[in-house]
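*Asks:* coords please:
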Amino acid sequence: MANQPDAKDLVARYKRKLQAELELKELGTSERTVTREYKQFKTEAMPRTMTLYEKACNFCGKILKIKVKPEKAAKLQESINICHLNITPSGAQALAYMLPIAVLIIGALFSLLIGSLFFVMIFILFSIALIVVLNRLPDFLANNWRMKASNQMVLCIFYVVTFMRHTSNLENAIEFASEHLSPPLSLDLKKIIWDVEAGKYESVKASLDAYLETWKKWNSEFVEAFHLIESSLYESSDERRLAMLDKSLDVILTETYEKMLHYAQNLKSPITMLHMMGVILPILGLVILPLIVSFMENVKWWHIATLYNVILPVVVYYFGKNILSKRPTGYGDTDISEINPELKKYKNIIVNIGGFELQIQPIFICVVIGAIFALIALTPVILHTINPSPRFDINLPFGIKLLEYRESNITPGKIIGPFGLGAALLSLCFPLALAFSLGLYYRLRSKNIVKIREKTKKLEDEFASALFQLGNRLGDGLPAEIAFQKVAKVMGDTTSGNFFKLVSNNISRLGMSVKQAIFNPKTGALVYFPSNIIQSSMQVLIQSIRKGPVIAAQALMNISRYIKEIHKVNERLKDLMADVISDMKSQIHFLTPAISGVVIGITSMITYILGALSGNIQNLGTSEIGGRITDIASLFGDGIPTYYFQAVIGIYVFQIVFLLTQLSNGIENGADKLGEKNALGHNLIRSTVLYCLISAVVMLIFNMIASRIVTVTGVIGG
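*Replies:* Predicted coordinates:
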């Protein structure tokens, strides 16, 4: 009897054996999020803009103590809690007043130094607007957070339901979902567990219910789905428990479709208004701007730049964000380089030199390209600085002058310009500098990752049927090692077939276990197919297969059904948005650059004719009848050269394409930063180049017409 092991030793030994075989976490040693880890994760997950905002609010809160009304403080605190910001309502209010006052003082001093009342008024209006914006900034950040989080809610319910089908444990299911989701929803789920461990709540259910309260008025379907999941814990029969879990996923999918349907129906009017107010009317207004400038000598090109390159883009951005803030829950994509940090290297330019990978940051190349185009655009100004004489010029083919500086009609001795068509054409390099620097940067940073994601998405589209076949093989009693091999042969050269073939080869040739064949960090199949859905499905397979092939087969078949349902709803959502997205893409790709190009050509012609007419009237002053029309000559100002006009409008076109691309991607895909960068990389270059080509052709044609008009009527000046 003395040699028999103690009962406690036996229990401990079997516990260790069960943990090794079933890979279950012991209750007391779970690797959950603790305070330090949560804070570290929050620091990594939060955008830098939010951390800067936190520092600014806390700094201003120490200097200026503001007592916030209880109702407003409660509303601000709700938004602060949603964003996980370490600030107080008082600090947010202090920043909302201190920063605009500082901007107003600095701006007013600067405006008075340059002697411009126009900029004084601009800074006053800007400061007032900044007070309104900063007061609403916590709500704005909360809306952004909601949009990003709501884009992941369908997948969140999918992960929780998938885990709880084979293991009815809410805490582990939430932890499982947090591991497979990206921020911000993963941060929310980790905080649910952290609040329990920190002692704020006594159970995961209590912590989860408190978190769901923040979503009641925003995403009721998400709250209802989680309540159904909680209810499944109290069902006595396994059949009713599984039915409740299935119902929760069905609820969020159905409600998502209905909400998106109403959103799509109400979207047409605001998008049309945004396009008219932000694109059509400002661009068509350019036609009369040369007339206004010619008869109002105090209007300068920087006044137009302030209107078109600062005020209008801010207004368009504000309206666009309001439209996106109303977007309901969706099923969006994520940046897979956040899931697998090993993929971050593909955001750089990779050059293979003798087996060595040289990684080049795209920003260096893009800055050089942008600087070259900017230097070309500034050539007329640089040449005039070198030789300021108005007689100095360079003649280009077809009688085109490069510079064409001339003496002011208003201020004798003052040289103004460049009015030459060559300078106007060179000014097209201003928008090209932005397009080829920023657009190329976005394209190089995203194209490799997008290719990998598209390949992975193709696998996800096929994965439902592949999982179904794998489940059938396991249901027939085949071991997982053989089942993978059988499915790989059936799927052939499809993307899914290649995935299963890779798993099978790792097992047969490298002698790996099923888990290692899939999850090995160097040669595992998931290295080549980085997908959270596939990874989570395989983790469920590994865990359930230990309970028997029948349990594993049922788990895979249910996952297959869930993936098909999510894919079906996602396709229906895309169909709802097809008309609006198609209209917006036509505006980005053709309408905006084409209209802008034609209008800048007309503007160039009007500017040329007005300049020639002004010069002819001045010449008439020396003739016999000149004294009678001297007063008419005084009506004309100097005008603004097309060189500056085009630079302002070219940059405005670039800005509008940028903002409309962001809006279009947000409506179609939700908070998908990778897709947004990829779209920006294509649209900025393509649309800006199209605008420049149309502008150049139209300016050449219309200036030839204007030259002919001036030549025919030039006898008047004689």
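
*Asks:* Quick check: which ranges of this structure have low pLDDT?
*Replies:* The model of the chain has pLDDT under 70 over residues 1-50, 293-297, 328-343, 354-355, 614-638, 671, 712-718.

*Asks:* If we use 50, what do you get?
*Replies:* Scanning the chain for pLDDT under 50 picks out 1-4, 21-34, 622-624, 626, 715-718.

*Asks:* Report the buried residues of stretch 109-123.
*Replies:* S111, S116, F119, V120, I122, F123 (16 or more other CB atoms under 10 Å). All C-beta atoms are positioned from the backbone trio N, CA, C, and that covers glycine.

*Asks:* Show me which pair in these is furthest apart.
*Replies:* S116 and F123 (10.2 Å; CB to CB).

*Asks:* how far does stretch 410-421 sit from the chain's center?
*Replies:* Offset of stretch 410-421 from its chain centre (CA atoms, centre = their mean, to the nearest Å): 43 Å.

*Asks:* in which helix or strand would I find C692?
*Replies:* helix 673-713 (DSSP states H and E).

*Asks:* Ramachandran coordinates for K217?
*Replies:* K217 adopts backbone torsions of phi -90, psi 0, taken as degrees, to the nearest 10.

*Asks:* okay, now it: neighbour count?
*Replies:* 8 (other CB atoms under 10 Å).

*Asks:* Report the contact partners of it.
*Replies:* If you count contacts by CB atoms under 8 Å, 6 or more residues apart in numbering, K217 has none.

*Asks:* mind listing what's buried in stretch 298-308?
*Replies:* V299, K300, W302, H303, I304, A305, T306, L307, Y308.

*Asks:* Can you get me the start-to-end distance on that stretch?
*Replies:* 18 Å (CA to CA, to the nearest Å).

*Asks:* what do you get for stretch 299-312?
*Replies:* End to end - CA to CA - stretch 299-312 spans 18 Å.

*Asks:* again with stretch 352-370
*Replies:* 26 Å.

*Asks:* How far off centre is the helix holding C692?
*Replies:* That offset, for helix 673-713, works out to 26 Å (CA atoms, centre = their mean).

*Asks:* For that helix, name the packing helices and strands.
*Replies:* helix 421-426, helix 429-434, helix 440-475, helix 592-620, helix 642-669 (3 or more CB pairs under 8 Å, 6 or more residues apart in numbering; DSSP states H and E).

*Asks:* let's see it at 6 Å
*Replies:* helix 440-475, helix 592-620, helix 642-669 (3 or more CB pairs under 6 Å, 6 or more residues apart in numbering; DSSP states H and E).

*Asks:* okay, the buried residues of stretch 298-308 in JSON lines with distance to K321 and secondary structure next?
*Replies:* Listed next are those as JSON lines, based on distance: CB to CB, whole Å; DSSP: H, G, I helix; E, B strand; the rest coil:
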{"residue": "V299", "distance to K321": "31", "secondary structure": "coil"}
{"residue": "K300", "distance to K321": "31", "secondary structure": "coil"}
{"residue": "W302", "distance to K321": "27", "secondary structure": "helix"}
{"residue": "H303", "distance to K321": "27", "secondary structure": "helix"}
{"residue": "I304", "distance to K321": "25", "secondary structure": "helix"}
{"residue": "A305", "distance to K321": "23", "secondary structure": "helix"}
{"residue": "T306", "distance to K321": "22", "secondary structure": "helix"}
{"residue": "L307", "distance to K321": "21", "secondary structure": "helix"}
{"residue": "Y308", "distance to K321": "20", "secondary structure": "helix"}
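
*Asks:* Which one of these is nearest to G639?
*Replies:* The closest of those, once distances to G639 are taken by CB to CB, is V299, at 9.7 Å.

*Asks:* ok, the closest one to P290 distance?
*Replies:* 11 Å (CB to CB, to the nearest Å).

*Asks:* Next: T411.
*Replies:* 20 Å.

*Asks:* next one: A696
*Replies:* When A696 is compared with P290 (using CB to CB), they lie 19 Å apart.

*Asks:* next one: Q265
*Replies:* 42 Å.

*Asks:* Among those two, which residue is more densely surrounded?
*Replies:* Neighbours were counted for Q265 and for P290 using other CB under 10 Å; P290 has more, 23 against 10.

*Asks:* what about the residue nearest to K401 when sequence neighbours are not counted, neighbour count?
*Replies:* Nearest residue to K401 in three dimensions, chain neighbours excluded: G420, at 4.0 Å (CB to CB, 6 or more residues apart in numbering). Applying other CB under 10 Å, we find 23 other residues in the vicinity of G420.

*Asks:* how near is G420 to M121?
*Replies:* G420 is 33 Å from M121, by CB to CB.

*Asks:* ok, now G199?
*Replies:* Applying CB to CB to G199 and M121 gives a distance of 55 Å.

*Asks:* Which strands and helices lie in contact with the helix or strand where P282 lies?
*Replies:* Assigned by DSSP H and E, P282 belongs to helix 281-284. Using 3+ CB pairs under 6 Å, 6+ apart, the elements in contact with helix 281-284 are helix 592-620.

*Asks:* Helix 673-713 and the helix it packs on, what's the angle between them?
*Replies:* Angle, helix 592-620 to helix 673-713, by axes from the mean of the first three to the mean of the last three CA atoms, to 10 degrees: 30 degrees.
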